[in-house]
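Undergrad: Provide a 3D model corresponding to the input given below.
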Amino acid sequence: MKKLFQFGVCVSVFFLLVGCSLKDKRMEVTISAAASLKDALQDVELLFENETGINVNVNLASSGTLSKQIEQGAPVDVFFSADHEKMDELVKKGLIEQDSVVNLLENRLVIVVSPTLTIQSIKEVWDLERISIGTPETVPAGYYAKEVLISLNKWDELRNELFYAKDVRQVLSYVETNNVKAGIVYKTDSLVSDKVKVLDELDPSLYSEIIYPVAIVKNSQTNKEAVEFFQFLQSEEALEVFKKYGFRDYREIE
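TA: Numbering: from 1, shown residues only. This is a model prediction of the structure:
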């Protein structure tokens, strides 16, 4: 009888632990998001967690790096990209719920320089010795920056002189620390730093439209919570936060 009682206690404890483990798992959502969303997502994440009690794990990197992680089976529930082509590639590979894809935000490109730099126009930037952009193959901001340079017939001249960064925030950091004289970043990134000066906004006709699509990853292990967070990202409450950080609601400008 004593052994039976002990066995019963062990079984009860086992299922209690398993139940707690499953509960904890259900109450977490992992989002892989473009580095340029960092500050806005911190605020949105806090709002969502306070309202729902669901913990949000945020994985930030360039959209190219994040898409590769998803291809390799990383445990991600929601993908928030700064490059619609990366999202389209994952849809074609069957890794994203196609019907869930929403083009949510829009951004612009600016040139930032050190506040102490005494130049007045974009034309003067191209004569500087140290300019940084994101690596075009993996960083959407770098790809768009490359488009700008091609449009201005400056790419062939500058391509071997540029300082390439792993993501757009690294470009910003290079300018902040005076490792480079200028950088091409998103407008939203320039707004979160008081250590750089925005020289000018680049003409949108020089590069492709910058769209941020968001979607649910097919192998999501927390589908219910993923859907809840995915829907929250599209809410007026969340969009007000994104607008505060300089993003625009893409659905309002279509």
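
Undergrad: what residues sit buried inside the helix or strand harbouring K224?
TA: Per DSSP states H and E, K224 falls inside helix 223-233. Neighbour counts using 16 or more other C-beta atoms under 10 Å place N223, E225, A226, V227, F229, F230, F232, L233 of helix 223-233 among the buried residues. Every residue, glycine included, has its C-beta placed from N, CA and C.

Undergrad: between those, which is nearest S193?
TA: Comparing the buried residues of helix 223-233 against S193 with C-beta to C-beta places L233 closest, at 24.3 Å.

Undergrad: list the residues that contact that closest one.
TA: Residues in contact with L233 (C-beta atoms under 8 Å, 6 or more residues apart in numbering) are V44, V78, F80, L104, V214.

Undergrad: 6 Å instead?
TA: Contacts here follow C-beta atoms under 6 Å, 6 or more residues apart in numbering; on that basis L233 touches V214.

Undergrad: against V217, how distant is it?
TA: Here the criterion is C-beta to C-beta, to the nearest Å. By it, L233 lies 14 Å from V217.

Undergrad: again with E236
TA: Remark: distance between E236 and V217 (C-beta to C-beta) = 25 Å.

Undergrad: more crowded one of those two?
TA: Using other C-beta atoms under 10 Å, the more surrounded residue of E236 and V217 is V217, with 23 against 7.

Undergrad: shaky segments in the stretch 1-150 of the chain?
TA: For the stretch 1-150 of the chain, the stretches with pLDDT under 70 are 1-26.

Undergrad: could you list the domains of the chain?
TA: 14-106+212-253, 109-201 (automatic domain parsing).

Undergrad: the residue nearest to K181 when sequence neighbours are not counted: what secondary structure?
TA: Leaving aside its chain neighbours, K181 sits nearest to L128 (4.3 Å; criterion: C-beta to C-beta, 6 or more residues apart in numbering). Classification of L128 by DSSP: H, G, I helix; E, B strand; the rest coil places it in coil.

Undergrad: next one: L66
TA: Secondary structure, three-state DSSP: L66 is helix.

Undergrad: so what's the residue count around it?
TA: When counting by other C-beta under 10 Å, one arrives at 27 neighbours for L66.

Undergrad: how close does it get to K243?
TA: If you go by C-beta to C-beta, the gap between L66 and K243 works out to 23 Å.

Undergrad: what's opposite the residue nearest to the spatial centre of the chain in the beta bridge?
TA: Of all residues in the chain, the one closest to the mean position by C-alpha atoms, centre = their mean is A34, 1.4 Å from it. A34 has these beta-bridge partners by DSSP bridges: A61.

Undergrad: so it sits against S63, correct?
TA: Yes. Counting by C-beta atoms under 6 Å, A34 does reach S63; the two are 5.0 Å apart.

Undergrad: which neighbours do those two share?
TA: By C-beta under 6 Å, 6+ apart, A34 and S63 have these common neighbours: S81, A82.

Undergrad: same question for the strand or helix carrying V171, mean pLDDT?
TA: For V171, the host element (DSSP H and E) is helix 168-176. Helix 168-176 carries an average pLDDT of 96.

Undergrad: list of residues touching that helix?
TA: Counting by C-beta under 6 Å, 6+ apart, 35-36, 112, 132, 134, 141, 165, 180, 183, 185-186, 189, 193, 195-196 sit against helix 168-176.

Undergrad: show me which of those is closest to S100.
TA: Once C-beta to C-beta is applied, the member of the contacts of helix 168-176 that ends up nearest S100 is S36, at 21.4 Å.
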